[in-house]
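In: Prediction below, plus the sequence it came from.
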Amino acid sequence: MEAADPDLTAQVAAAAPFTSLLGIEMVSASADEVRARLAWSEERCTAGDILHGGALMGLADNVGGFCAFLNLPDGAAGTATIESKTNFFGPVRSGYVHAVSRPLHTGRRTIVVDTELFDDAGKLVARVTQTQAVL
């Protein structure tokens, strides 16, 4: 299991406070790959003690957005999600969901990021592809 990086988590939360509200813990970050995790908890669940899809999508959007930010071209002020597609493959009923975001396209106007979400056993539970506008 990957350990969270408290300093990186605090830096990201300062820039994007919603990550703290969701409970996202950052693991590592580079322009090539951003890793984070989100703990299962009852307050993040839907019926049947399954981690809510919105929590998974929130994790993916934030981690993917950070990946896009790390790939901004010179002179860009930021990034904003303009499109997101999620496929769910299985439930998360305990432990952590682990996010791995990688850039698929880094352009001057848009950045496309792929985020895979895994459970503690390494099973793919969701995949999110998002397009970020370069601001």
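Out: Yes, it's here.
In: in this structure, which helix has the most residues?
Out: helix 53-69 (DSSP state H).
In: Tell me how many other residues surround the closest residue to A68 other than its chain neighbours.
Out: Nearest non-adjacent residue to A68, counting by Cβ to Cβ, 6 or more residues apart in numbering: Q132, 3.8 Å away. Bear in mind the C-beta positions are built from the backbone N, C-alpha and C, glycine included. Q132 has 27 neighbours, counted by other Cβ atoms under 10 Å.
In: CA atoms only for the strand or helix carrying Q132 - export them in PDB, please.
Out: According to DSSP states H and E, Q132 maps onto strand 124-134. Output of strand 124-134 as PDB, limited to C-alpha atoms (Å, rounded to 0.1, in the frame of the first residue of the first chain):
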ATOM      1  CA  LEU A 124      -9.400  -1.600 -11.500                       C
ATOM      2  CA  VAL A 125     -12.700  -0.200 -10.200                       C
ATOM      3  CA  ALA A 126     -13.100   2.800 -12.500                       C
ATOM      4  CA  ARG A 127     -11.400   4.700 -15.300                       C
ATOM      5  CA  VAL A 128     -11.900   8.400 -16.000                       C
ATOM      6  CA  THR A 129     -10.800  10.400 -19.000                       C
ATOM      7  CA  GLN A 130     -11.100  14.100 -18.800                       C
ATOM      8  CA  THR A 131     -10.300  17.100 -20.900                       C
ATOM      9  CA  GLN A 132      -8.900  20.200 -19.100                       C
ATOM     10  CA  ALA A 133      -9.000  23.600 -20.700                       C
ATOM     11  CA  VAL A 134      -5.800  25.600 -20.500                       C
END
